[in-house]
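Student: From the sequence below, what's the structure:
(chains A and B)
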Amino acid sequence: MPSQLPFTETLIHVADQAYFLKSFFRNLFKKGFEWDELFRQLYVIGYRSIGIVALTGFILGVVLTLQSIPSFKDFGAEGYIPGMVSVSVIREIGPVIIALICAGKIASSIGAELGSMSVTEQIDAMEVSGANPVQFLVVTRIVACTIMIPLLTIFADAMALVGSFVANTTSNGITSQLFFSKAINILDFTDLVPAFIKTIFFGFAIGFIGCFKGFSANGGTASVGTAANSAVVTASIWIIIIDAIVVQVSNSLLYS
Amino acid sequence: MEIEKVIEIEGLKKSFGEKTVLDGMSLFVNKGENVVILGKSGTGKSVTIKCIAGLLTQDEGSLRVFGEEVKDMNGEQLKALRNRIGFLFQSAALYDSMTVRENLAFPLKRVAQLKDKEQIESLCVEVLQAVGLEDAIDKMPADLSGGMRKRMGLARTLILKPEIILYDEPTTGLDTITSKEISRLILDMQERYQTTAIIITHDMSCAKITSDKVMVMNDGKCVAEGSYEELENSTDHFIQSFFK
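Tutor: So this is what the prediction gives:
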């Protein structure tokens, strides 16, 4: 079969994703929502990611603080470190790093699981039995990601502040009361809300890309690995693109 | 009395890109009949039964199941049709994250809309007894042997009491003794539940045990049809090659 032009292939791929998106929304509001499976996915996606997210957040706070101390000391501005860490972690670094970690852990896992179900005809078996595989497998996973990624990010942000406090108090002897009052008082609505909103989109993108890549796997066991790998790469790219879009939109809405 | 035709396929064509898989396939299956399809790999056998189940749509030709054209069905009609059809996949396609009980309860809760736990449990036990697997109810699919997986797949197919069962190579990968057990089980299901079946197989022992009618496919179409004995005695070289 002659291979199609790259442009045509890209258009077909975009059309497939649009169709999959439509299928998700159509099934999201259909009767018979799979609540049990949603709670199972909330546990799998959320609870089982807490360890890696906590560790990443804590080390992020420690490293950011330790790297900032020499430069801030040169200007006698060590007192600004809690505020600097707080704003940079909550506005940008926390959401993006945690989303990228989750793309690696969750999107790949969903891509591999659904890919494996697809090549072993389990999805066909669900469909031919009259059950709805999109409602059971796709809707629950995307909704669970959309709920859990923002919550995991909030938890990671808190762990980053704890990490920053530990690094700060070891180096500068700052008290917890002073550290957290400086770290929290500097934050306002424009720091918290856009950052939280973008994590919702990150979560949706991670779940959606993982499911789409898994459902698209159809070339034997090799395609399961390809689906997992492609899910991570595509979800990571989407996270960066969404981040850029949300910054532009929030800047134009909040600072214009 | 006229015999009811439950599957009527005429001039079915299906291509994947440049490759033509079905090229004018025709087949008629009467109610309560076991039809075995023989043919080389890649000749369109699995594509035919996937078209019957509505998993694939033909490019040309007519495919009627229970008198209704499958390609003209909307989502709800297709769902209703699938409630009357069972499909046993070559790999059994068990949901590997669920236990045997959960595999069986899955279509009962979602398709038959059953809520009563006791009723679900008794139906699960009933089909497991029918396939001789009542002790495996709490096992995971990974803990089952090849033959047990096929039985389990058959149990999940039977649980919704389908009128038509499509078997995709039900004995592939099994030893001779287990293959014969599965073949007898297929025959037993036909007698017990009065099902109509299409059985794709390369296993001539399975074909001999289960068939009321045998059909031979080549290059995407039916090239011979008859009883097992008729085809076994055929002088055609190609047909003979299956029986040697």
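
Student: In chain B, mark out all the helices, start to finish.
Tutor: Applying DSSP state H to chain B gives helices spanning B:45-52, B:75-83, B:100-110, B:117-130, B:146-158, B:176-193, B:204-210, B:228-232, B:237-243.

Student: right, and those helices - which one's nearest A:Glu78?
Tutor: Across the helices of chain B, the minimum distance to A:Glu78, taken as Cβ to Cβ, is reached by helix B:100-110, at 58.0 Å. In this view, the C-beta of every residue, glycine as well, is placed from N, C-alpha and C.

Student: Buried residues of that closest one, list them for me.
Tutor: When burial is assessed from 16 or more other Cβ atoms under 10 Å in any protein chain shown, helix B:100-110 yields the following buried residues: B:100-101, B:103-110.

Student: tell me what that helix is packed against?
Tutor: The elements that helix B:100-110 packs onto, with contact taken as 3 or more Cβ pairs under 8 Å, 6 or more residues apart in numbering or on different chains; DSSP states H and E, are helix B:117-130, helix B:146-158.

Student: Now do the SS call for the residue most central in space within chain A.
Tutor: Nearest to the mean C-alpha position of chain A, by Cα atoms, centre = their mean, lies A:Ala99 at 3.0 Å. Counting by DSSP: H, G, I helix; E, B strand; the rest coil, the backbone at A:Ala99 sits in helix.

Student: from the helices and strands packed on helix B:100-110, which stretch is densest packed?
Tutor: For the helices and strands packed on helix B:100-110, the largest average neighbour count (mean count of other Cβ atoms under 10 Å in any protein chain shown) is found in helix B:146-158, namely a mean of 24.

Student: What average pLDDT does that one get?
Tutor: Per-residue pLDDT over helix B:146-158 has a mean of 89.

Student: So what angle separates the directions of it and helix B:100-110?
Tutor: Angle between the axes of helix B:146-158 and helix B:100-110 is 20 degrees (criterion: axes from the mean of the first three to the mean of the last three Cα atoms, to 10 degrees).

Student: Tell me how many other residues surround B:Asp236.
Tutor: 11 (other Cβ atoms under 10 Å in any protein chain shown).

Student: just B:Gln190 next, same as before
Tutor: B:Gln190 is flanked by 18 other residues according to other Cβ under 10 Å.

Student: For it, give me its contacts.
Tutor: Contact criterion Cβ atoms under 8 Å, 6 or more residues apart in numbering or on different chains gives B:32, B:34, B:197, B:210 as the residues in contact with B:Gln190.

Student: Now do the last one against B:Val29, distance only.
Tutor: Same thing as B:Thr210. Using Cβ to Cβ, to the nearest Å, one obtains 14 Å as the distance from B:Thr210 to B:Val29.

Student: So which of the two has more stuff around it?
Tutor: When B:Thr210 is set against B:Val29 and neighbours are counted by other Cβ under 10 Å, the residue ahead is B:Thr210, at 27 against 22.

Student: Any chance of JSON lines for the helices and strands packed on helix B:100-110, columns distance to A:Ile45?
Tutor: Compiled in JSON lines, the helices and strands packed on helix B:100-110 are given as follows (distance: least, Cβ to Cβ, whole Å):
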{"stretch": "helix B:117-130", "distance to A:Ile45": "28"}
{"stretch": "helix B:146-158", "distance to A:Ile45": "28"}
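
Student: The helix or strand hosting A:Glu37 close to chain B?
Tutor: With the criterion set as DSSP states H and E, the secondary-structure element containing A:Glu37 is helix A:35-45. No - judged by Cβ under 8 Å from any Cβ of the partner chain, helix A:35-45 and chain B are separated, with a smallest distance of 9.3 Å.

Student: List the contacts of the helix or strand just after that helix.
Tutor: On the C-terminal side of helix A:35-45, the closest following helix or strand by DSSP H and E is helix A:50-74. Identification of contacts with helix A:50-74 by Cβ under 8 Å, 6+ apart yields A:78, A:80-81, A:84-85, A:88-89, A:93-94, A:97-98, A:101-102, A:105, A:152, A:155-168, A:171-172.

Student: Type out the PyMOL command that picks the buried ones from these.
Tutor: Typed into PyMOL, the line below selects the buried ones among these, using 16+ other Cβ under 10 Å:
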select buried, chain A and resi 81+84+85+88+89+93+94+97+98+101+102+105+152+155+156+157+158+159+160+161+162+163+164+165+166+167+168
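
Student: Low-confidence regions, chain B specifically.
Tutor: When residues are selected by pLDDT under 70, those of chain B lie in B:1-2.

Student: Give me every residue in it lying close to chain A.
Tutor: Among all residues of chain B, those adjacent to chain A (criterion: Cβ under 8 Å from any Cβ) are B:17-19, B:50, B:53-55, B:79, B:82-83, B:85-87, B:89-91, B:93-97, B:106-107, B:110-111, B:156, B:160.

Student: Which ones among those residues lie within strands?
Tutor: Assigned to strands by DSSP state E, the following of the residues of chain B next to chain A qualify: B:19, B:85-87.

Student: Would you tell me which one of those residues comes nearest to chain A?
Tutor: Using Cβ to the nearest Cβ, B:Phe87 is the member of these that lies nearest chain A, at 4.4 Å.

Student: For that closest one, which non-adjacent residue is closest in space?
Tutor: Here the nearest residue to B:Phe87 in space, its sequence neighbours aside, is A:Val128; by Cβ to Cβ, 6 or more residues apart in numbering or on different chains that works out to 4.4 Å.

Student: I'd say B:Cys51 and B:Leu12 touch.
Tutor: Yes - the pair B:Cys51 / B:Leu12 is scored as a contact, 6.7 Å apart, by Cβ atoms under 8 Å.

Student: Looking at these two, which one has more neighbours?
Tutor: Neighbours were counted for B:Cys51 and for B:Leu12 using other Cβ under 10 Å; B:Leu12 has more, 26 against 23.
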